[in-house]
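Peer 1: here is a sequence with its predicted model. Questions after.
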Amino acid sequence: MPPLSPTRSRRPVRAAVQVDAGPRPHAVTGGPDLREYALRCRPALARLHLLSCLQSSAPLPSGPVADGRAAVELIKTELDAALSALKTAGAAGTGAGGRRLLVARVTRLRLAADAMERVLGRAEEAGDLPGLRDLLVRFDILLSALGTVQHAVSDP
């Protein structure tokens with residue numbers, strides 16, 4: 001066997017492309033792993049962050065706003081799928097209170113996504129980007145905490 005160079009290790013090489021077989025179950029609860037839904041929201045959230053960085057106090061052109069609306073729709077679709085998975089799986093391993101808390105957290109995210117859609121409409125009409133920035137920060141915090149909440153609820 002040739003000697004190892006600094007760029008070569010003994011670890012097996014992972015495939016660069018992984019096939020998405022749908023959300024995996026949460027390791028502890030057996031219900032849906034909400035972190036996977038959150039990860040699938042990240043690219044759309046990044047597009048919205050880019051949109052919020054535009055410097056404008058005038059009405060925005062329809063192109064960036066349409067892209068923002070598409071990003072919000074993708075986020076809403078993922079959150080609806082997470083809610084559906086939570087309700088059908090029953091979040092096995094958590095009590096009814098834990099499941100209700102998770103459903104409430106995802107519902108809160110869904111309401112924040114609806115608010116982003118409304119703010120995008122105002123941004124298109126009057127250039128209200130500070131409102132979008134504020135909502136994105138709040139949404140990002142809620143989305144980041146989702147996996148932590150699920151883990152805390154599932155601790156025995």
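Peer 2: Sure, I can see it. Numbers count the residues shown, from 1 in each chain.
Peer 1: list the buried residues of the top helix by length along the chain.
Peer 2: Determined from DSSP state H, the single longest helix within the chain is helix 96-126. Neighbour-count burial for helix 96-126 flags 98-99, 101-102, 105-106, 109-110, 112-113, 115-116, 119-120, 123-124 (criterion: 16 or more other Cβ atoms under 10 Å). (Glycine included, C-beta is placed from N, CA and C.)
Peer 1: ok, now which ones touch the closest residue to Asp67 other than its chain neighbours?
Peer 2: Nearest residue to Asp67, sequence neighbours excluded (Cβ to Cβ, 6 or more residues apart in numbering): Arg47, at 6.3 Å. Residues near Arg47 by Cβ atoms under 8 Å, 6 or more residues apart in numbering: 67-68, 71.
Peer 1: which one of the residues you listed is nearest Cys53?
Peer 2: Ranked by distance to Cys53 (Cβ to Cβ), the contacts of Arg47 are led by Gly68 at 11.8 Å.
Peer 1: average model confidence for the helix or strand harbouring Pro130?
Peer 2: In the assignment (DSSP states H and E), Pro130 maps to helix 129-154. Averaged over helix 129-154, pLDDT sits at 86.
Peer 1: look up how far Arg47 lies from the residue lying closest to Arg69 once chain neighbours are set aside.
Peer 2: In space, and not counting its chain neighbours, Arg69 is closest to Leu120: 5.8 Å by Cβ to Cβ, 6+ apart. Leu120 sits 12 Å away from Arg47, taking Cβ to Cβ, to the nearest Å as the criterion.
Peer 1: overlap in contacts, these two.
Peer 2: In contact with both Leu120 and Arg47: Gly68, using Cβ under 8 Å, 6+ apart.
Peer 1: report the contact partners of Leu74.
Peer 2: Contacts of Leu74 (Cβ under 8 Å, 6+ apart): 41, 44.
Peer 1: mind doing that once more with 10 Å?
Peer 2: 40-41, 43-45, 47, 113 (Cβ atoms under 10 Å, 6 or more residues apart in numbering).
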